[in-house]
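Asks: this is a predicted model, with the sequence first.
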Amino acid sequence: MRRRTAISVATCSLALSLAGCGVLDASSDGGDATPTKGNDITVGLLLPETANTRYDKFDHPIIRSKVAQLTENRGKVVYANAEASASKQAQQLQKMVDDQVDVILLDAVDSHAIADGVEKAKDAGIPVIAYDRLAEGPIDAYISFDNELVGEVQGRSLLDAMGPDVDSSDKIVMMNGSPTDPNAKQFKAGALSELNGKVRIAKTYDTKDWKPENAEANMAKAIAEIGASNIAGVYSANDGMAGGVIKALEAAGVTKLPPVTGQDAELAGVQRIVSGEQYMSVYKSYPAEAEAAAEMAVAKVQGKDIQFDALTRDRVDSPSHQDIPAQLVSVVALTRDNIKQTVVADGIYKVSEICAAPYKAACAELGLK
Ligand code: GAL
């Protein structure tokens, strides 16, 4: 995928409301063409898995409440989670087409395999907006984070953590995401743009279904081949897998853990950052992404073209289609130093949740209260 205007959206990055980005409120009368639909609309939401906590904890509830807010509580969201099965997701999509929902927000398990389903929705006159992962096929728009930037932030942070004396012979292990998720390729490309030539990538793995237990098993193999004491850092593409990586290192008797990266600011990940087991995560403002998706879906169905265009000023290419209207939201590195300014400030977690019993002392040390 190409990133054309990623920089122009960076200023909107962490704003929880899009007002600051110059985006009109899709609920107000933008004065454009007569809406094709009123507030009685049904948005179909297809999310990929439950291994990662973000989908049920943030994406789904935020989209649901934003759709309600934009439609005077008349709009509905029907939700289906594919639990990492591409075939299950194809059936869920087909059901939404049969039920004639008004618009579909699709976060694909397998971005290539779902293209046929997208085509069918299109034939049935139902717009499809790719959510978070760039589905192939004739989608109407795409909303996501700047995924290459996610990888760059992870790569740069890992080098920072390894210190000023980092050497091109220092060995790291790379734990990448699911090969059916196009984001995983972008995270990897972004990370490699920072790491190549600076460290030695001794072992690299793709992780089926993003499962922490698969990452744990791969890490155990890497330790057996490289030797735990020779591993100077681990690039893990997300927090769930970072948890698996750390388990494998601890099971191998490592007491001084090498820096391990992550992504998603999961509660367990943030707690490991507090305790010093995990070096960093990438904080992606789920409200910014999910609310923009709800606004795009409602504007699309209501025929509010000016709002829709304002929400999709970027352009991306998928393997099957070009010049897809898009919005790419920026991201930031989350380390011990900015927990308060990120997840706490945005109301994602309360300090009391992060600083539960086992983390109390470490929180106090960090001044987190
Ligand atoms: C990616 C997504 C991440 C994380 C990951 C694993 O596509 O961008 O936020 O959820 O999948 O589930």
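Replies: That came in fine, so what should we check first? Numbers count the residues shown, from 1 in each chain.
Asks: show the pLDDT at residue 51.
Replies: Listed pLDDT for residue 51 reads 89.
Asks: that one contacts residue 213, doesn't it?
Replies: No. Counting by C-beta atoms under 8 Å, residue 51 does not reach residue 213; the two are 9.2 Å apart. Every residue, glycine included, has its C-beta placed from N, CA and C.
Asks: and residue 257, what does it touch?
Replies: With contacts defined as C-beta atoms under 8 Å, 6 or more residues apart in numbering, residue 257 is in contact with 246, 249, 250, 276, 277.
Asks: ignore what I typed, I meant residue 187.
Replies: Residue 187 makes contacts with 147, 148, 150, 151, 154, 176, 177, 237, 263, as judged by C-beta under 8 Å, 6+ apart.
Asks: which one (most neighbours) among those?
Replies: Within the contacts of residue 187, residue 263 tops the neighbour count with 32 neighbours, counted by other C-beta atoms under 10 Å.
Asks: what's the burial count for the closest residue to residue 205 other than its chain neighbours?
Replies: What sits nearest to residue 205 in space, not counting adjacent residues and going by C-beta to C-beta, 6 or more residues apart in numbering, is residue 218, at 4.3 Å. When counting by other C-beta under 10 Å, one arrives at 23 neighbours for residue 218.
Asks: helix or strand right after the helix or strand encompassing residue 218?
Replies: Residue 218 belongs to helix 212-226 when elements are defined using DSSP states H and E. Tracing the chain past helix 212-226, the next element assigned as helix or strand by DSSP H and E is strand 231-236.
Asks: for whatever helix or strand comes next after that next one, list every residue counted as buried.
Replies: Using DSSP H and E, the helix or strand that directly follows strand 231-236 along the chain is helix 239-251. Of all the residues in helix 239-251, those buried under the rule 16 or more other C-beta atoms under 10 Å are 239, 240, 241, 242, 243, 244, 245, 246, 247, 248, 249.
Asks: stretch 179-197 near the ligand at all?
Replies: Yes. Counting by C-beta under 6 Å from any ligand atom, the ligand has neighbours in stretch 179-197: 181, 183.
Asks: give the buried residues for that stretch.
Replies: Of all the residues in stretch 179-197, those buried under the rule 16+ other C-beta under 10 Å are 180-188, 190-192, 194-195.
Asks: narrow those residues to those in helices?
Replies: When DSSP state H is applied, the buried residues of stretch 179-197 are split such that 182, 183, 184, 185, 186, 187, 188, 190, 191, 192, 194, 195 fall in helices.
Asks: ok and the residue in the stretch 1-150 of the chain nearest the ligand?
Replies: The minimum distance from the stretch 1-150 of the chain to the ligand, using C-beta to the nearest ligand atom, falls at residue 52 (3.6 Å).
Asks: which residue is the nearest non-sequential neighbour of that residue?
Replies: Spatial nearest neighbour of residue 52, chain neighbours left out: residue 240 (5.5 Å); criterion: C-beta to C-beta, 6+ apart.
Asks: that neighbour against residue 214, yeah?
Replies: No. Assessed by C-beta under 8 Å, residue 240 is found out of contact with residue 214, at 10.1 Å.
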